[in-house]
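# Everything below, folded, please.
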Amino acid sequence: MAYKRYCKTLKLEDDPQLIEEYKKVHAPGAAWPEITQGMREVGILDMEIYLLGTQLFMIMDTVPDFDHESAMKELASKPRQSEWEAYVSQFQKTSAEASADEKWQLLERIYKMDK
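Residues are numbered from 1 along each chain as shown. Modelled structure (predicted):
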């Protein structure tokens, strides 16, 4: 199956208790169903988030014709999305008003293994 992949990064607050809580709200079944549904509706096929210290790393696989800019704008308008962003901002080095696209910074791919 063809898809596009995006990798993003974000910093969490340097507070072990907040980091543990952030992990809990992202545990299997813990994310609000409206958030996952909204991601699917804009063309996000799969997403994983990894953590090292306070640094988050996201892998986001999307439909082949995914337009990142327009999809992020559409996602921001989905039910409960701004509420979710405000809620998780307490754990992140960001503001409660920031959208997901403003928080998560796209990484530039500099290497891909030859086939």
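# Any buried residues in the helix or strand of the chain with the lowest mean pLDDT, and which?
Of all helical and strand segments in the chain, the minimum by mean pLDDT, DSSP states H and E falls on helix 100-103, at a mean of 87. Across helix 100-103, burial judged by 16 or more other CB atoms under 10 Å covers 100-101, 103. C-betas here are computed from N, CA, C, even on glycine.
# distance of the nearest residue to E97 once chain neighbours are set aside from D15?
Take E97 and drop its neighbours on the chain: the residue closest to it by CB to CB, 6 or more residues apart in numbering is A86, 7.6 Å away. Using CB to CB, to the nearest Å, we find A86 at a distance of 18 Å from D15.
# now R5
According to CB to CB, R5 stands 31 Å off from D15.
# Over to V88?
The gap separating V88 from D15 is 14 Å, by CB to CB.
# Of those two, which one has the most company?
Neighbour tally, V88 and D15, criterion other CB atoms under 10 Å: the higher count belongs to V88, 21 against 13.
# quick one: contacts for the more buried one?
By CB atoms under 8 Å, 6 or more residues apart in numbering, V88 lies in contact with 22, 25.
# Thank you, goodbye.
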